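K.L.:
Here's my sequence, what's the structure:
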Amino acid sequence: MNDSSPIQEKTQQEIVQSEKQQTRQLQKLAKASLLITSTLSLEESLQHITDAARDIVGAHLAIASMTNEEYWTQTISAASFSEKYAQWHVRINMYSGSALASQVSQSNQPIRMTQVELEARPEWQELSGENGKHPILRGWLAVPLIGRDGRNLGLLQVTDKYAGEFNEDDEAVLIQLAQLGSAAIENARLYTQAQEAINARDELFSVVTHDLKNPVSTMKGFAQLLRRSVDRMDIPDKQQLADGLQRIDKAATRMTALINELLDIAHLQMGKPLELNQRETDVVALAHMAVAEYAQTSKKHSFRINTEVPELVGWWDTTRLERMFGNLLSNAVKYSPQGGTITVELAREEREDGPWAIVRVIDQGMGIPPTDLPHIFDKFRRARNVQGQIKGTGLGLASVRQIVEEHGGTVSVKSKEGEGSTFTVCLPVNLLEEEDIE
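P.N.:
Purely as a prediction, here's the structure:
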């Protein structure tokens, strides 16, 4: 005997249907969350939020609007329509909100109304009387978009449900969607602000370096011009004057190199590639010049060059390779504070893909702990055994890697703590053929 009544069977069916509806909504919400959080564009985020709201709740119209806190008015930012509201695809931007919308944004609390409740409100009468300016609301559910600091960002609204009135389940789902949307909106705004800051920084670097280079170039030009004039004159202390002008010329050259290095560091920090000025360059000659310069900076260290070839010419950016040598030798001096021998080895290696230049800089210094070795070329990364003892920015070796990799080469290190380090640079020679030059 079946004891269940028709009323009980209907109730059970309604429960089953409600559970199925909730499951579908949750599945759609999970799918929408992936889409919403995968974009950093504010416009795209708002459109994804609005489309998801209409689809999950099952409404003919959904609107996302941003709040103007000064007047607590709403500006439509995204809308999603069914075919029923196709005529509003263009004109929806004319809709500026109502006292109902302001109530939600000021209180940061959701409002849900049946059609009967809505029609009893004076605000609905006002909206329904403004023919042609916006769709007439038919049942209404609005939830606030709230920032991490509790400030109202805007509203997420749906109207005209496909079947029946908006219920508690619809409100709960829309609140969850609004929480996801609020985080996505703030992330998109932060990303936009970060991009604007990066662009402003790029522009500032360009302006500053341009403004610095111009007077330095002028100073260098005048020094060279005066020196040529002095060479033609027969005056007392001619050599002393010529030497002074030469020092000015060298100082201007050094200043230009520092400005260019500043630009490269900026590119390194921003992850931008370098613009290489490649020409025929003898890496052996560069090594000799770099060692001669650093040999004058320290009395504790002795410098030695071992080279298998008298010259090793490749198609490289001379200035950047000078900086590479400078950073490697500077590190070798800095991280062997007790002194010792610093050796630069150079060799030419024939490989299947052509000739390569091999450069090694070897010191007898502090060495690098094994756990730090995999990260020693990372930006702002310094070995633990030198932190707090030897000053540094953590950019020197990162700059070396950038320069080497931009040339298509590799840089590596072998080190033992307390015994020293060997940095090995491999550069493809890449000499241009005569037909390429033509």
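K.L.:
contacts, neighbours, all on C-alpha from now
P.N.:
Will do.
K.L.:
List the buried residues for stretch 285-296?
P.N.:
Across stretch 285-296, burial judged by 16 or more other CA atoms under 10 Å covers L286, A287, A290, V291, Y294, A295.
K.L.:
Can you read off the pLDDT for the closest residue to I185 other than its chain neighbours?
P.N.:
Distance criterion CA to CA, 6 or more residues apart in numbering; nearest residue to I185, sequence neighbours excluded, is L42 at 6.0 Å. L42 is assigned a pLDDT of 80 by the prediction.
K.L.:
Over to R304?
P.N.:
94.
K.L.:
So which of the buried residues of stretch 285-296 belong to helices?
P.N.:
The helices, defined by DSSP state H, take in L286, A287, A290, V291, Y294, A295 from the buried residues of stretch 285-296.
K.L.:
E275 versus the spatially closest residue to D372 that is not a sequence neighbour, what's the distance?
P.N.:
In this structure, D372 finds its nearest non-sequential neighbour in A383, 5.7 Å apart by CA to CA, 6+ apart. Taking CA to CA, to the nearest Å as the measure, A383 falls 30 Å from E275.
K.L.:
More neighbours: which of those two?
P.N.:
With neighbours defined as other CA atoms under 10 Å, A383 and E275 compare such that A383 has more, 16 against 10.
K.L.:
what sits against the more buried one?
P.N.:
I368, P369, D372, I376 (CA atoms under 8 Å, 6 or more residues apart in numbering).
K.L.:
Hmm, K416 and the first one touching each other?
P.N.:
Right, I368. Yes: using CA atoms under 8 Å, I368 makes contact with K416 at a distance of 6.1 Å.
K.L.:
Between those two, which is the more surrounded one?
P.N.:
I368 (24 against 16).
K.L.:
okay, the more buried one: pLDDT?
P.N.:
On the pLDDT scale, I368 is placed at 88.
K.L.:
so what's it closest to, chain neighbours aside?
P.N.:
When the adjacent residues along the chain are set aside, I368 lies closest to E417, with 5.1 Å between them (CA to CA, 6+ apart).
K.L.:
any idea how far the helix or strand hosting T50 is from the chain center?
P.N.:
When elements are assigned from DSSP states H and E, T50 belongs to helix 42-57. Per CA atoms, centre = their mean, to the nearest Å, the displacement of helix 42-57 from the mean C-alpha position of its chain is 26 Å.
K.L.:
mind listing what's buried in the longest strand belonging to the chain?
P.N.:
In the chain, taking DSSP state E as the definition, the longest strand is strand 340-351. By 16+ other CA under 10 Å, the buried positions in strand 340-351 come out as G340, T341, I342, T343, V344, E345, L346, A347, R348.
K.L.:
Can you name the residues that contact the first one?
P.N.:
Remark: with contacts taken as CA under 8 Å, 6+ apart, G340 is in contact with K300, H301, S302, D363, Q364, G365.
K.L.:
Can you tell me how far it is from S302?
P.N.:
Taking CA to CA as the measure, G340 falls 6 Å from S302.
K.L.:
buried stuff in stretch 323-330?
P.N.:
Residues of stretch 323-330 classed as buried by neighbour count (16+ other CA under 10 Å): R323, M324, F325, G326, N327, L328, L329.
K.L.:
Need those in TSV (columns: distance to N306).
P.N.:
As requested, those are exported to TSV (distance: CA to CA, whole Å):
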residue	distance to N306
R323	20
M324	18
F325	15
G326	17
N327	19
L328	16
L329	15
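K.L.:
need the strands for this structure, in chain order.
P.N.:
Using DSSP E, the strands of the chain run over residues 59-68, 73-81, 111-113, 140-146, 152-161, 278-282, 301-307, 313-317, 340-351, 354-362, 410-416, 420-428.
K.L.:
What mean pLDDT does the fourth one get?
P.N.:
The reference is to strand 140-146. 92.
K.L.:
Give me the sheet partners of that strand and which way each runs.
P.N.:
strand 111-113 (antiparallel), strand 152-161 (antiparallel) (DSSP bridges).
K.L.:
Excluding covalently adjacent residues, which one is nearest to D378?
P.N.:
Leaving aside its chain neighbours, D378 sits nearest to A398 (5.5 Å; criterion: CA to CA, 6+ apart).
K.L.:
where's that neighbour relative to P370, distance?
P.N.:
Counting by CA to CA, the gap from A398 to P370 is 18 Å.
K.L.:
With neighbour numbers in mind, choose between the two.
P.N.:
Of the pair A398 and P370, A398 is the one with more neighbours under other CA under 10 Å, namely 21 against 13.
K.L.:
JSON lines for the contacts of G340, including distance to Q109?
P.N.:
Shown next, in JSON lines, are the contacts of G340 (distance: CA to CA, whole Å):
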{"residue": "K300", "distance to Q109": "73"}
{"residue": "H301", "distance to Q109": "72"}
{"residue": "S302", "distance to Q109": "75"}
{"residue": "D363", "distance to Q109": "67"}
{"residue": "Q364", "distance to Q109": "68"}
{"residue": "G365", "distance to Q109": "65"}
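K.L.:
Among these, name the buried ones.
P.N.:
Buried members of those, scored by 16+ other CA under 10 Å, are H301, D363, Q364, G365.
K.L.:
distance of the first one from T410?
P.N.:
Meaning H301. From H301 to T410 the distance is 27 Å (CA to CA).
K.L.:
Including distance to A163 and pLDDT, could the buried residues of strand 340-351 go into JSON lines?
P.N.:
Listed next are these as JSON lines, based on distance: CA to CA, whole Å; pLDDT from 0 to 100:
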{"residue": "G340", "distance to A163": "85", "pLDDT": "90"}
{"residue": "T341", "distance to A163": "85", "pLDDT": "92"}
{"residue": "I342", "distance to A163": "82", "pLDDT": "94"}
{"residue": "T343", "distance to A163": "82", "pLDDT": "95"}
{"residue": "V344", "distance to A163": "81", "pLDDT": "96"}
{"residue": "E345", "distance to A163": "81", "pLDDT": "96"}
{"residue": "L346", "distance to A163": "80", "pLDDT": "96"}
{"residue": "A347", "distance to A163": "80", "pLDDT": "95"}
{"residue": "R348", "distance to A163": "79", "pLDDT": "94"}
